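K.L.:
sequence first, predicted model second:
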Amino acid sequence: MEFDGWVDRILGTTPPAELRALARQDRSLRQGSTFRGFEPFDPDTGDLSVIAIRQLELALYSTENRLFDAAYSPGSKQDRVCQAVHGLFEQLTERDRLLRLTPEMVRDRRGFSDRVFCVGDYGIFPHPALRPARELVHDLCALAEAGAEVQVAIDPHSVVPRSEIADVGLFDYWFGLKLDIDRLDDPTAIGCTVHGRRPEAQNGDTFPLLRTEFRWRAEGPLKTLEVQETVPRDRAWGDHGGRVHRGSRYVANRYLHSIRDTDRRRFIHLDGAAKAFPGQQYGPTVEQPDLPQGEPVYRKLFRLDGHIPEEDWGRLVAHFFRGNELVIEYFGDVLDERGGTQEQAA
């Protein structure tokens, strides 16, 4: 097997003393929190092949993190997906390098819970900061299938032949919210509101979050909403919500922008983005949430234009901010009729 060949290559080219020195420096391996499970590992007496496999694991992590961070840059002709799919780069929008979804790309609903966009003979994946927000991706695909103007960011590195797309089942769900429109068309209902999570509510079982800002402004009949999230720098993150990644050199906050035409009493634009702040410059913590964040890399993840019905708008916003209860809190008592906006195991 190719995997065994790589292990043998490491064992054959790295002296045993060097391998054991690497293991002594690897706290996760010593404590038993790697691929091996919870069994502790003794660097001085343990099997050298385990250390070699661990080096492969670390190399994969490093490569995964490098590709994840590189995905925040706009798409280019040199991206693996654009090299594999002829003419794909020319289909991306010039400004944000988003892919306009057509009904043909989504109507087969490939990937099941982990949706894939079909372009010719290939399956293309959503951007890695968008992909885990699977309910939102489903919403966007459904709107595109119905003919709406939907644009999404794609993963620049992941592509598979259409015949090899795997259907994946993910068994949890995330409720949306209903929208109270009483004051949406009031031009005086503007300003900034900040909702923060209390320090005692911070724990390892929740999405890491400090606060969320909601800012409304008006220019003539158009009202603009901006929603900006702030997460702490000092938490060990998984992929809760879809835009953070363990080992990334960035701290990513979600950002949403929407426009409502108050004359026509309808939303006409919605887009979501990731603001990726270099971790070494990012300051906010649970104890000091107002520290500077630095200059971010901005990567737009999706865009929707045209008439957006209120029920669709509310669901898209809730699904984009998956795991952020402050968004639900801000919209007051307009929760989903099934009992709230929460994630549960099916």
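P.N.:
Good, I have the coordinates. None of the values given here were measured: they were computed from a predicted structure.
K.L.:
which SS class is residue 62?
P.N.:
Using DSSP: H, G, I helix; E, B strand; the rest coil, the structure places residue 62 in helix.
K.L.:
and the pLDDT for it?
P.N.:
Residue 62 carries a pLDDT value of 88.
K.L.:
what does residue 98 give?
P.N.:
We have a pLDDT of 97 for residue 98.
K.L.:
show me the contacts for it.
P.N.:
Listed by CB atoms under 8 Å, 6 or more residues apart in numbering, the contact partners of residue 98 are 92, 151, 152, 153, 154, 300, 302, 303. Using the backbone N, CA and C atoms, a C-beta is placed for each residue, glycine as well.
K.L.:
next one: residue 159
P.N.:
Contacts of residue 159 (CB under 8 Å, 6+ apart): 80, 81, 84, 85, 122, 123, 124, 125.
K.L.:
report the two of these separated the most.
P.N.:
Pairwise distances across these peak at 13.4 Å for 80 and 123 (criterion: CB to CB).
K.L.:
more neighbours: which of those two?
P.N.:
Neighbours were counted for residue 80 and for residue 123 using other CB atoms under 10 Å; residue 123 has more, 24 against 13.
K.L.:
so what's that one bridging to?
P.N.:
Beta-bridge partners for residue 123, by DSSP bridges, are residue 118, residue 160.
K.L.:
test my guess that it contacts residue 160.
P.N.:
Yes - counting by CB atoms under 8 Å, residue 123 does reach residue 160; the two are 4.8 Å apart.
K.L.:
in three-state terms, label residue 267 for me.
P.N.:
From three-state DSSP, the assignment for residue 267 is strand.
K.L.:
name the nearest residue to it, sequence neighbours excluded.
P.N.:
Leaving out its chain neighbours, the residue that sits closest to residue 267 by CB to CB, 6 or more residues apart in numbering is residue 308, at 4.2 Å.
K.L.:
surely the one you found touches residue 261?
P.N.:
No - between residue 308 and residue 261 there is no contact under CB under 8 Å: 10.5 Å.
K.L.:
shared neighbours of these two, anything?
P.N.:
With CB under 8 Å, 6+ apart as the test, residue 308 and residue 261 both reach 267, 268.
K.L.:
and those two? which has more neighbours close in?
P.N.:
residue 308 (21 against 16).
K.L.:
what pLDDT is listed against that one?
P.N.:
The model's pLDDT for residue 308 equals 94.
K.L.:
now it: how far from residue 317?
P.N.:
Plainly put, residue 308 is 10 Å away from residue 317 if you go by CB to CB, to the nearest Å.
K.L.:
got it, and residue 116?
P.N.:
Residue 116 is 24 Å from residue 317, where distance means CB to CB.
K.L.:
list the contacts of the residue nearest to residue 267.
P.N.:
For residue 308, the contact set (CB under 8 Å, 6+ apart) comprises 266, 267, 268, 269, 270, 316.
K.L.:
quickly list what the first one is bridged to.
P.N.:
Here residue 266 sits in beta bridges with residue 261, as judged by DSSP bridges.
K.L.:
residue 195: what's it in contact with?
P.N.:
By CB under 8 Å, 6+ apart, the contact set of residue 195 is 211, 212, 214, 326, 329, 330.
K.L.:
among these, which ones are buried?
P.N.:
Neighbour-count burial (16 or more other CB atoms under 10 Å) applied to the contacts of residue 195 gives 211, 212, 214, 326, 330.
K.L.:
helices - which of the residues you listed land there?
P.N.:
Among the buried ones among the contacts of residue 195, the members falling in helices (DSSP state H) are 326, 330.
K.L.:
pretty sure residue 224 sits in a strand.
P.N.:
Yes - if the criterion is three-state DSSP, then residue 224 is within a strand.
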